[in-house]
Structure formats: C-alpha cells, structure tokens
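Asks: okay, here's the prediction I keep looking at, along with the sequence it came from:
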Amino acid sequence: MTTRAVSRRAALRRIGAGAGALTLLPFLSDEGLAAFVQIQGTRAAPSLKVLSASQYATLEALVEAIIPADERSPGAKEARVADYFDLLLSEAPPAPRRQWLDGLAALDAESTTRFGSPFVRLDAGQVESLLGDISRYEVAKARPDEASRAVTRNEQPTEKPVLVEGLFGDLSRLDPARKTPPLEAFFADTKRATIHGYYTSEIGIHRELHYKGNQILAEFVGCQTQDGKDCPHCGQKA
Amino acid sequence: MAADPTLDLDLAAVTDESRRLSASIKPGTGKWDVIVVGSGAAGGMAAFQLATAGIKVLMLEAGRMLDHRREYRTMEWPYQSPRRFRMPLDHRPIAVAEYSFLDRPYGNNPAYDRFKKVTSYAGNTFTRNWVVNEKEHPTTGTPYSWVRARVLGGKTNFWGRGALRYGPLQFKAASHDGYDVDWPISYEDVSPYYDKVDVLLGCSGTKEGLVQVPDGIFQRPIKLNCVEVAFQRTLAKMGRHYIPGRAGVTTDGLLNSKYRTRCMGRGRCGRGCDISAAFHSPTALVYPARDTGNLTIRPYSVVSEVLLDGATGRAAGVRVIDANTREVMDFKARVVVLGAGTLDSTRILFNSKSAGNANGLGNSSGLLGCHLSEHLMGPRGSGFIPARIGTEPTLDDGRPVSPYVARFRNVTDRHPDFIRGYHFQGGGGAYEYPSMAHDLPGFGKAFKSSVRKYYPALLSIGGFGEVLPRKENRVMLDPETKDAWGIPVLRFDYRFGDNDLKMAKDMADSAEEMLKAAGAENIKIDREPLPPGWSIHEIGTARMGDDPKSSVTDKFCRLHDVPNVYLADAAPFVSGGTQNTTWSILALCWRTMDYLKERMRAGDV
C-alpha cells in the first residue's frame, strides 16, 4: 500500500495542515495517518468495502450532480464523498444498506427507461431533468409553515414512532403526512449524506465555505460595530 | 473497518493509572476526615475547599482518571476522521435519550441530530468514553434522558459553559408569584460565593444590571458577530436584552492556576478545552486540590450507600463497590459529602437503608426524590438575517458560548397563561458545519450556491424554561431493576405540567415573533418540547428548608436527619429559574464547605 510510505511531513503538506493538525499529530498512529491521507488524497484509488466499481461510478456521478464543481470549488466527487458513502454503507445495518442499494439500482432503471442509458452516461441536461423530477416535491414543499403542524408531546407516545431507516438515519421526518415514493426517499437520503460528507471535507470546509474558525486567536473579533466602527462585513453602522 | 484514530483513542495509560490507584487505596491504607463522593463541579469544589484548608479528603469517583491532554481533542477537523466523527452503531455507549425513546438505530434520528445532543455527547468520538452506557445504567418509569458521566470531572468535561447566577427572582420565587416556597436563603447569602467562584475560576460576561440574571465579577466579554448585532438591535427595540453569553471560561487568564490558560478563541469547547481555558473540574479544582497533599482520589469507586452508625445516628462512612473487581469495601470518615450529581446522590441516599431508615437516609420527611425539576428545552427558532445573506463569511464561532436572551416574562409584568419564565441561548453566523443546508431544496450548482449564500446568515435560538417544582414529579428506587453493579436503579415519575407546556408554547411564539421582527428569511420554528431531562439541569430531589417536615436538608445542604452528611450538588435546590445550574452548584458548594469547615473547627464533627 503506497500510502503507508507517506511521511508525516508529506502528509501534512498534502492536507495543507495548520496548527490544528500539528496538535493532533502526536496522537495519530502511522496507520491512522495513512488512512487519513488516503481519504483525503484525491488521486488515490478507492478501496471499496461494499460498492462495486460500477456502483461507485454511478454514485460519484450522483453526488457530483448534487454538489458539483463550480467556479469556486471542486464538488463532491473530488471531495471523495463516494468513499464516505462506502464506509457508511459498510457500517450500516443490513436493511437500510439494502434499501439504499436498491435505490441506486432503481435510479439506473429509471434512467434507462427514460433515456435508454444508465445514470452514469447521462448528459447534464438529462441528469437535471431526471433529478428535477425526483426532487420536485422537495422543492415544492420548501419553506413549509412547520408551526401549523407542530405537535406538542408530553407523555411518551403509546406507540413508538415508526422509523424509516435511511442510510444516514431516520427518514420519517421527510413528510409525515405523505408516503414518500422510494426513489424520492433514496434521493433525500443520498442528498443528506452528500451534504454531510461534502461539508465536513477539507474541500467543503475551506475551499467552498471559506470557513475561518478553529484557529488560535489573540481575541475573538466579532462584528466591527462592537468596537464602535462601521462594519464592512454586514454594512451595519456603529 | 478503516483505521480511525479519532475513534480508537489509546487509553491504556490512564486506565492503568486508574487500576493502580484503586488497587492501592483500601480501607486502612489512609485516614481521612471527609469522604467526597464524585469529582465534578460539586465533588471538585468540595475537595478543593477542604483540601486547601488542611482537611484530609478521600474522593471517590465511579469512573476512571482522565488523561486530559490526550482526551480533550479541541481542534480536530472532521476530515481528520474518515467517519467524520460519526460512530458505527455498535460503538455508541449510549445515545443519550434514544435508548429510552427510540428503537434502533440509536441516535440516528435527524430530529435529534438537529439539537446536537447526539452528535455532541454520546454519539460522537469526543465524549463517548466519558458518558455511561445506558445498558449498564438503565432507568425505569417515565422516560428521562439522564446524561451521566463516570470519569474524573464528570460532566464538567463537556458542559455547556453557561455561567449564570440565580438572583432574587429565583431565591424568592414564591414571594414573587405565590407558588410553592422560597428558598431558605437569599441572593445576599450566596452572592459573595458567586463572586469568589468568578474570581477563582474565571467568568466572562458584561455588566447589564438585570435583576433576572445578576452581574458577576467578569473577565473580558465575548463579542457578538454580525448577525447577532442585527438581532440585538431588533430585540432592543422590543425592550428585550440580547447580551454576550456568560461563560465559565477565563478570557483574561488566571494568576491562581498553573493548569489553566486564557481562551484562545477556537470554539469547540464541548470536546474538552485542551488548554483548560474553560472550567473543567479536573484541571480547575481536582488537580490543585491534590497538589496540597491532602486529597486522595480513588477511581473506579461506585458508592452504593452511606453507612449509618446506629448508636450515634451519624454517618460512619460509605460502602464502595470497585467498578472493576466488584470488591465491596467500607470507607470510614467523620463527614460524608455527596456530590454524585442530583439524581445519583439521591439514589445513594435511597439505597442507604439502615434500621429505622427503610425509606432511605435523610428521608424522615418522605420528600426525598420529590420536586424533581429541570429546564424544558425544544421550542426554538431559526432564520436568515438579511444583513449577512450573500456575504463572505467572517470568523464567527471562535468563542465559548453564544449570546443570551435574558428572561423577559414575569419579571416586571405578569403573563396571563403561566408563571415563571424562560431564556434563550443562541446565535449564528458561519459555523463550521452548515446545518441549514439540510433545509435548502434542490441540487446542483443552484443548491451549492444557495448554501454559500445563506451560510453566514443563519441565526438560531433555543429556549430554556423553568419546569415548576412539583411534589409529584419524583424519582424512587425501582424494586426490581438493578444496574451492572447490583444497585437498584431509579424509577422516574416525571412529566411536564400544564404551566410548563403553556410556557413552551409561548417560547415558540416569542422565538417566531423575534425572528419576524428581525426580518429573518426562511423562519423555522420548532414547537415540540424535547424529552424530559434534555437540559441536563436536574435539581431539587433533596430540597433545602428550615422545617425538617417539609425539606430534606437544612440551608447549609446538610441532612436534617443526619448531621454529618452534606449534599454538594443541585439536589438541595428549591427551584431552578431558567439559569444553567453549574455556577450555582459551585457557589452553593463553596458556601456549604465554609459552613462544614467552621463546624469542624468548632469540634462539632
């Protein structure tokens, strides 16, 4: 395994490590560091536990369609979100794992029915059309007035809430009033895990979000109006 | 399984140390004046006060010692963990409430994820080695998400750092609204001790002159970020106070401690602050106490009961079950101080059933276990503040606590639907993880750029409401179920009442009102109370009072029935206000220990 040969110094360079990583390093075993570099290194071949090569390719295309590369930063493919899925799948209980894999197959089936080719071969317009249909309900119900259907709970319910297990957790909150079609549930589950995998990645946190925290500060600055100045960040006046 | 060093922390050194200590400390290997049960805020403060006064203390901690340098992993990035801090299902010791409330998979419910408890405590890689496994520590009766940490320092290793004082509105709540009883002490009795705690441990905040949450002796305050300033200006127009959070964190440094450093603005304090700017009992209290040479710490010591000397009516010591060897041993001392946490201290008293005390020690009033109270959580709101939509993120989260909406109900006015009140905690800005992405619709470039657009603008507040102390909200020993050490577990009989639920409704309504007033976009309001116990602010099960018929302890937290048993935690609290309890535990404990020291000096014990 070539990644094992990566020196700590090289590994640090590779992740652009700052002070945070330096404080962590003494606690990382060589093996842990190798795994860590492997998951971060964009060129390393995936070492798959659950997914087949073709499933992996389909998933890469799907997560990239959810969070694509754009002018600001790379997308979910380069952030290795598909590898994260494979790890999640390998540790998921059998039922949601099977359900998710069935969903992936259903996506391909739908794609073949509509366009005569599997998802991985669709062009951008076809992907847009297919995923647009699958997620149409989600978009339509965006910004619901949750307050109007809130329930106040006091006693433990006599029946435990029905859990719809997804790969990334319970899906029963999707919409209690409506039975979610399987492909839509698959998409919601996949989107959630993609969001989690992407925005916890180095690419997601630093290059996409430009997150600035987790640094050693002399003092937390806050809004400039707190120091009696006009704030250039929010436009509020002192 | 992929190697994940964030998951499999090597704790061999500290467990070896713990075993060595527990094997070397046995009855007869030392002579101690006072036994202190627990090592968190209560046990830590008790031991510190006594040991620094030259009193020989034996501290009994049910869990192991702590390797704080290794275990406080403050600055780890999520991408340093292949699992991104999530844990495989079988690796969860508990997932706090889920074990009681939900079927498998424990802790995978996004309804709870949203409240961060799962990902902040048992469900993550930072704290999972500290909290108890609920399968070894079950409860029965009504559901109660009882978070317990069995490790040196207890829950102070990951506490929320909210350092708030009770004021006259709490100590004299009954005089204010006619419900229940006042505390037998006043703010003036405790205020000097809050001052001492502020100076000893460091407290960050601003002087506001608010009666509902009195000022302290503050170090440098934590500034508000852009969305919070916008929200503050809105609330000021409504006559409400949105103030910098008060944190049990030293922002200016402490000259009295070699273990602690001033805050470096990294955030992530709930994983344990590796420079101990945040108050954690081990570095702030236990180690300094040990340095006096007067404190002996015995880890792996599960206290099952207080032993009573039938001839004198005084406690003779405590019975300990070694958590590893299961060896049972009796330690003797002149005084017993219980600081195991409100509910575990209560459980120990219940389980101390000597002749004439069939209902537990100190329970002649029959009120032990009654009046369980805490804070109702759940109602909350979020939205995007226009001033920050579509702007470049700034560094918004490098600080120990978010700001605070001081209680505004039933302070000077009287709400028609409920008595007492609530506060909100919360803030916003560009936190590391853009949780609001899960609420944004769509996919592709439009989705990605909408996450970017709203990322700096999120503002989110959550309420903490006083649950009225009621006699019928209680715990008792379960007659059948026992924990992994054969000690009967607690059975809960605890429900939110009418006043609590009416208050919860108003919490959600006022969150919505304030977010609307701020012109927030995409306002989301959660109205449902979280499960009982969620606040981890349990109090009141051995309430203090002047009359032994209507209270369990006297005003110095000493059992009416047994003159040498003291409670150092929040069990004696009469009512809980809206404030987080830790700072009051520390202040009250200091006061109790001053009283105990005086009794010892006078030769009363």
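Replies: Received, thanks. Everything numeric here is computed off the predicted structure, so don't read it as measured data.

Asks: sketch out the low-pLDDT regions of chain B for me.
Replies: Low-confidence segments of chain B (pLDDT under 70): B:1-8, B:87-124.

Asks: tell me who's in contact with the residue of it positioned farthest from its centre.
Replies: Centroid-distance maximum for chain B: B:K445 at 42.8 Å, with C-alpha atoms, centre = their mean. When contacts are counted by C-beta atoms under 8 Å, 6 or more residues apart in numbering or on different chains, B:K445 touches A:P68, A:D70. (C-beta placed from N, C-alpha, C; glycine too.)

Asks: which phi and psi values does it adopt?
Replies: phi -60, psi -40 (degrees, to the nearest 10).

Asks: again with the one 3 residues further on
Replies: In terms of degrees, to the nearest 10, the main-chain angles of B:K448 are phi -60, psi -40.

Asks: ok, for it, nearest residue in space, not its chain neighbours?
Replies: Taking C-beta to C-beta, 6 or more residues apart in numbering or on different chains, and ignoring the residues beside it in sequence, B:K448 has A:I67 as its nearest neighbour in space, at 5.3 Å.

Asks: kindly report the same for B:S301.
Replies: Excluding the flanking residues, the one nearest B:S301 by C-beta to C-beta, 6+ apart is B:L60, at 4.0 Å.

Asks: and if you look at A:F186?
Replies: Nearest residue to A:F186 in three dimensions, chain neighbours excluded: A:G103, at 2.8 Å (C-beta to C-beta, 6+ apart).

Asks: you'd agree that neighbour is in a helix?
Replies: Yes: assignment of A:G103 by DSSP: H, G, I helix; E, B strand; the rest coil places it within a helix.

Asks: I'd guessed it sits against A:A193; true?
Replies: No: contact criterion C-beta atoms under 8 Å: A:G103 and A:A193 do not qualify, at 11.8 Å.

Asks: wait, doesn't B:T346 sit right on B:C370?
Replies: No: if you go by C-beta under 8 Å, B:T346 and B:C370 don't touch, sitting 9.8 Å apart.

Asks: any residues in contact with both of the two?
Replies: Common neighbours of B:T346 and B:C370 (C-beta under 8 Å, 6+ apart) are B:T541.

Asks: what about the two, which has more around it?
Replies: Neighbour count, other C-beta atoms under 10 Å in any protein chain shown: between B:T346 and B:C370, B:T346 has more, with 32 against 23.

Asks: distance check, that one against chain A.
Replies: 22 Å (C-beta to the nearest C-beta, to the nearest Å).

Asks: same question, B:D344
Replies: Distance from B:D344 to chain A, counting by C-beta to the nearest C-beta: 23 Å.

Asks: which strand or helix spans that residue?
Replies: helix B:342-350 (DSSP states H and E).

Asks: helices or strands up against that helix?
Replies: On a contact count with 3 or more C-beta pairs under 8 Å, 6 or more residues apart in numbering or on different chains; DSSP states H and E, helix B:342-350 meets strand B:301-309, strand B:335-338, strand B:474-482, strand B:488-493.

Asks: mind checking pLDDT for A:V151?
Replies: What the model reports as pLDDT for A:V151 is 31.

Asks: who are the contact partners of B:I185?
Replies: Contacts of B:I185 (C-beta under 8 Å, 6+ apart): B:F171, B:M544, B:K555.

Asks: hmm, try it at 10 Å
Replies: B:F171, B:K172, B:M544, B:D546, B:K555, B:F556, B:V574, B:L588, B:R591 (C-beta atoms under 10 Å, 6 or more residues apart in numbering or on different chains).

Asks: related to what we said a few turns ago, how near is the residue nearest to A:F186 to B:G360?
Replies: 55 Å (C-beta to C-beta, to the nearest Å).

Asks: and these two? Which one has more around it.
Replies: Using other C-beta under 10 Å, the more surrounded residue of A:G103 and B:G360 is B:G360, with 26 against 20.

Asks: mind listing what the more buried one touches?
Replies: B:305-306, B:346-354, B:366, B:368-369, B:476-477, B:542, B:552, B:561.

Asks: just the buried members of those?
Replies: Among the contacts of B:G360, those that count as buried by neighbour count (16 or more other C-beta atoms under 10 Å in any protein chain shown) are B:305-306, B:346-354, B:368-369, B:476-477, B:542, B:552, B:561.

Asks: please identify the helix or strand for B:V318.
Replies: B:V318 belongs to strand B:314-322, assigned by DSSP H and E.

Asks: just checking, what packs against whichever helix or strand comes after that strand?
Replies: Next along the chain after strand B:314-322, taking DSSP H and E as the criterion, comes strand B:328-332. For strand B:328-332, the packing partners by 3 or more C-beta pairs under 10 Å, 6 or more residues apart in numbering or on different chains; DSSP states H and E come out as strand B:57-60, strand B:301-309, strand B:314-322.

Asks: now do strand B:328-332 and strand B:314-322, the angle between them.
Replies: 150 degrees (axes from the mean of the first three to the mean of the last three C-alpha atoms, to 10 degrees).

Asks: what's the angle from strand B:328-332 to strand B:301-309?
Replies: Per the same axes, to 10 degrees, the angle that strand B:328-332 makes with strand B:301-309 is 60 degrees.

Asks: ok, and what's touching strand B:328-332?
Replies: Applying C-beta under 10 Å, 6+ apart, the contact partners of strand B:328-332 are B:25-32, B:35, B:58, B:60, B:298, B:301-305, B:307, B:309, B:315-322, B:485-486.

Asks: 7 Å instead, please
Replies: Outside strand B:328-332, the residues that touch it by C-beta atoms under 7 Å, 6 or more residues apart in numbering or on different chains are B:K26, B:P27, B:I35, B:L58, B:L307, B:A316, B:G317, B:V318, B:R319, B:V320, B:I321.

Asks: a markdown table for these, including neighbour count and distance to B:A406?
Replies: Output for those, formatted as a markdown table (neighbours: other C-beta atoms under 10 Å in any protein chain shown; distance: C-beta to C-beta, whole Å):
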| residue | neighbour count | distance to B:A406 |
| --- | --- | --- |
| B:K26 | 14 | 51 |
| B:P27 | 12 | 50 |
| B:I35 | 26 | 40 |
| B:L58 | 26 | 41 |
| B:L307 | 18 | 46 |
| B:A316 | 19 | 47 |
| B:G317 | 21 | 45 |
| B:V318 | 25 | 41 |
| B:R319 | 17 | 45 |
| B:V320 | 27 | 44 |
| B:I321 | 21 | 45 |
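
Asks: list the contacts of residue 56.
Replies: Answering for chain A, as no chain was given. A:Y56 is in contact with A:P46, A:L48, A:A82, counting by C-beta under 7 Å, 6+ apart.

Asks: please refer instead to chain B.
Replies: So B:K56 contacts B:K31, B:W32, B:D33, B:N294 (C-beta under 7 Å, 6+ apart).

Asks: could you rerun that using 8 Å?
Replies: With C-beta under 8 Å, 6+ apart, B:K56 has these contacts: B:G30, B:K31, B:W32, B:D33, B:V34, B:N294, B:T296.

Asks: who wins on neighbours among the residues you listed?
Replies: B:V34 leads those on contacts (other C-beta under 10 Å) with 26 neighbours.

Asks: quick check on it: phi, psi?
Replies: The phi/psi pair for B:V34 (degrees, to the nearest 10) is phi -130, psi 140.

Asks: pretty sure it contacts B:L50?
Replies: Yes: counting by C-beta under 8 Å, B:L50 is a contact partner of B:V34 at 5.5 Å.
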